[in-house]
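Q: below: sequence and its predicted model.
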Amino acid sequence: MSDAAVTRPAAGHRFPLLAAFAAGPAGKAILALLLLVLLAAFVGPVLAPQNPYDLAALDILDARLPPGSPAAAGGSYWLGSDEQGRDLLSAMLYGLRLSLLVAGAGTGLACVAGSLLGLFAGYRRGAWDRLVLALADLQLSFPALLIALALLALSGPGLIKVVLALAASQWAYFARSARAAALVEAEKDYMAAARLQGLSEGRLLLRHLLPNCLPPLLVILPLQLAAAISLEATLAFLGLGAPATEPSLGRLIANGFAYLLSGEYWVSLFPGLLLTLAITAITLAADRLAATLDPRQPG
Amino acid sequence: MGHATFVVRRLLHGAGVLLAVSLLVFAALYVVGNPVELLVDPQADPADIARTVAALGLDQPLWRQYLHFLGQALQGDLGRSFIHGEPALGLILERLPATLELAVIALLLALLAGIPLGLWAGLKPRSLAGRLIGAASTLGFALPAFWLGLMLILVFAVQLQWLPPGGRGATRELFGLPALSLSCLTWDGWQHLLLPALNLALYKAALVVRLVRAGSREVLGRDYVRFARAKGLSEARVVARHVLPNTLIPVVTVLGMEFGGLIAFSVVTETVFGWPGMGKLLMDAINALDRPVVVAYLLCAAALFVLLNLGVELLYGWLDPRVRESRA
């Protein structure tokens, strides 16, 4: 993706950011890929041939059938079936939705909590600033996987706990960036003017400081989302994520692991491909967004 | 600030981080959870449980319990494994060499593959190979490591049957020390080591490619490179003597920090390949609810990371004269 492909939006466009994002063939391709993943996750389960969470719809006699096998209930298992007799394609679409929801909730929580802490620290300075910074440094000195593993190992499994663990291992990125932006913005004239108007501190922070600190946070958000999808899948693979009855993509891959050595490749292969596709789409979109928002780009 | 002052300050900071971690683990164990459930084997009989509760001092105020926990930890007593019946710390230290061997080999593989590829992509960014290397490094970041491990097993162990699917293989002791019994000293060991090390190396290789590519691009535009070329030095000499050394400084510092990530991620790789290191021990302990081993792993990992960060900071100051000057 060449840097010159990002062009400034035409003035007066209804969605200037989207127009700049989708300018040129590279931008359109990335947008199409992203839409494909989102459609698969949120429309796919509606169209899926089977509800993989409905135990009554599963036929154990249809377990571990290779791709293209006919199903007892009619139709075909296009991508094969898993050891519970789930249609793998359906399980993957539901699994992708679960993966995106859990990772999205964790990253969203990290973004909200981290940004507010960072804004507060950068605005107040002093002891609050040092405390937030020390906590953020403490988190950043350990890999995200280790923090999430530690929390889940000590608190036990569960989807809500996974969301909290994802948030706990990511908030510091948002806090650091919000703090850096707030330190700069708080010095500007519009903040002085707002302060002189006698506005409350909450209003100052949320209505005046926050909107001006958003661009750097917008760049981190999709990057962290991609990282969170990967991390959630890893945790699920290790058995610490979604329950076995409602598998996310990582859990599906783990289920296939047991049959890999006997050459039944499809239960692990296809969910992994979908996972890679989703992470790639979001990573490319994140890079594209960063280039679009970068003020140093030629205008 | 003199160098000695700097070292002392970093040491104090490291001790502070460890103290914070011990406080967090203590909070998770004693305040959030039920320590009796966590620390006493649930299969023990009530008399045993009562004795352990008294021995652990669980009727004491929290600050006392914390000091007790800290005191025990400082003496290396992190409890006994429910499963193995051995001191948890000993179990971890026993598995440490296997994990370190895997991480070091993975780091070497990442550097061996990443530096030449990154240099190529940086020197010839418009060439087909340069573009392919760039795209491959993006994919390297996106590929979930655990899935890639399964696919390596599928291709090289199941389909081609070139390499074993897991285990550590034969080891040999270096200098006759049991702590240094390594797989990379035997042919069989290498066959077992190759796939997990490749798996663990992939992400770091992609990172090295990106760092070296960005670094060499930046350095190529500098005056000293243009001057070296103007002097009539051969292109190979310009790259070897001027571009590469200046590109490697960020690689060394980032990789120093990323080595901790390798150790953390070896939890995944060791689980996939059945590599008997401390990461697999942790997962087995989590699945078997063997809490003392989990706690011991977390405290050991924290200590290891603090030491690594400290080492990197000292190394950084030694490598980059500007940092050294600013501290003097």
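A: Here it is on my side, so go on.

Q: what sits closest to B:Gly14 if chain neighbours are left out?
A: Counting by C-beta to C-beta, 6 or more residues apart in numbering or on different chains, B:Val306 is the residue found nearest to B:Gly14 once chain neighbours are left out, at 4.2 Å. (C-beta placed from N, C-alpha, C; glycine too.)

Q: neighbours around the one you found, how many?
A: Around B:Val306 there are 22 other residues, counting by other C-beta atoms under 10 Å in any protein chain shown.

Q: likewise the one 5 residues further on?
A: The number of residues packed near B:Gly311 is 13, by other C-beta under 10 Å.

Q: which bits of chain A sit near chain B?
A: A:138, A:141-143, A:145-146, A:149-155, A:226, A:230, A:233-234, A:237-240, A:250, A:253, A:256-257, A:260-261, A:263, A:265, A:268-269, A:272, A:275-276, A:279-280, A:283-284 (C-beta under 8 Å from any C-beta of the partner chain).

Q: quick one: B:Glu258 and chain A, what's the gap?
A: Per C-beta to the nearest C-beta, to the nearest Å, B:Glu258 is found 9 Å from chain A.

Q: element containing the closest residue to chain B within the stretch 151-299 of chain A?
A: Closest approach of the stretch 151-299 of chain A to chain B (C-beta to the nearest C-beta) occurs at A:Gly272, with a separation of 3.7 Å. Element membership of A:Gly272 [criterion: DSSP states H and E] is helix A:266-293.

Q: helices and strands around that helix, which ones?
A: helix A:16-21, helix A:24-42, helix A:88-124, helix A:210-237, helix A:249-260, helix B:128-142, helix B:145-152 (3 or more C-beta pairs under 8 Å, 6 or more residues apart in numbering or on different chains; DSSP states H and E).

Q: for B:Gly261, find the nearest of those.
A: helix B:145-152 (10.9 Å; C-beta to C-beta).

Q: how many degrees apart are the closest one and helix A:266-293 in direction?
A: Between helix B:145-152 and helix A:266-293, the angle comes out at 130 degrees (axes from the mean of the first three to the mean of the last three C-alpha atoms, to 10 degrees).

Q: pull out the buried positions in helix B:145-152.
A: B:145-152 (16 or more other C-beta atoms under 10 Å in any protein chain shown).

Q: three-state assignment of A:Gly198?
A: Secondary structure, DSSP: H, G, I helix; E, B strand; the rest coil: A:Gly198 is coil.

Q: and the gap between it and A:Asn212?
A: For A:Gly198, the distance to A:Asn212 equals 20 Å [C-beta to C-beta, to the nearest Å].

Q: burial count for B:Asp188?
A: With other C-beta under 10 Å as criterion, B:Asp188 counts 15.

Q: OK, contacts around the residue of the stretch 51-200 of chain B found nearest chain A?
A: Going by C-beta to the nearest C-beta, chain A is nearest to B:Trp147 of the stretch 51-200 of chain B, at 3.7 Å. B:Trp147 makes contact with A:233, A:237, A:253, A:268, A:272, A:275-276 under the criterion C-beta atoms under 8 Å, 6 or more residues apart in numbering or on different chains.

Q: follow-up on the earlier one: A:Gly198 and A:Asn212: which is more packed in?
A: Legend: neighbour count by other C-beta under 10 Å for A:Gly198 and A:Asn212, higher for A:Asn212 (15 against 6).

Q: so that one touches A:Glu185, yeah?
A: Yes: taking contacts as C-beta atoms under 8 Å, A:Asn212 lies within contact range of A:Glu185: 4.9 Å.

Q: can you tell me the element the residue nearest to B:Leu200 when sequence neighbours are not counted falls in?
A: Distances taken as C-beta to C-beta, 6+ apart place B:Ala106 nearest to B:Leu200, at 3.8 Å, with adjacent residues excluded. Under the criterion of DSSP H and E, B:Ala106 resides in helix B:88-123.

Q: distance of A:Leu261 relative to A:Val267?
A: 12 Å.

Q: of those two, who's got more company?
A: A:Val267 (26 against 13).

Q: contacting residues around that one?
A: Shown in contact with A:Val267 (C-beta under 8 Å, 6+ apart): A:64, A:80, A:82-83, A:88, A:252-253, A:255-256, A:259.

Q: what about 7 Å?
A: By C-beta atoms under 7 Å, 6 or more residues apart in numbering or on different chains, the contact list for A:Val267 reads A:80, A:82, A:88, A:252, A:255-256, A:259.

Q: got the residues of chain B near chain A?
A: B:17, B:20, B:28-29, B:32-33, B:138-139, B:141-144, B:146-147, B:150-151, B:153-154, B:158, B:165, B:260-261, B:264-265, B:267-268, B:271, B:283, B:286-287, B:294, B:298, B:301, B:305, B:309 (C-beta under 7 Å from any C-beta of the partner chain).

Q: only the buried subset of the residues you listed, as a ChimeraX command please.
A: A single ChimeraX command selects the buried members of the residues of chain B next to chain A (16+ other C-beta under 10 Å):
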select /B:17,28,29,33,138,141,142,143,144,146,147,150,151,153,154,165,260,261,264,265,267,268,271,283,286,294,298,301,305,309
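
Q: measure the residue most central in space within chain A to B:Phe156 for me?
A: Per C-alpha atoms, centre = their mean, the C-alpha nearest to the average position across chain A is that of A:Leu225, at 2.6 Å. In this view, A:Leu225 and B:Phe156 are 32 Å apart by C-beta to C-beta.
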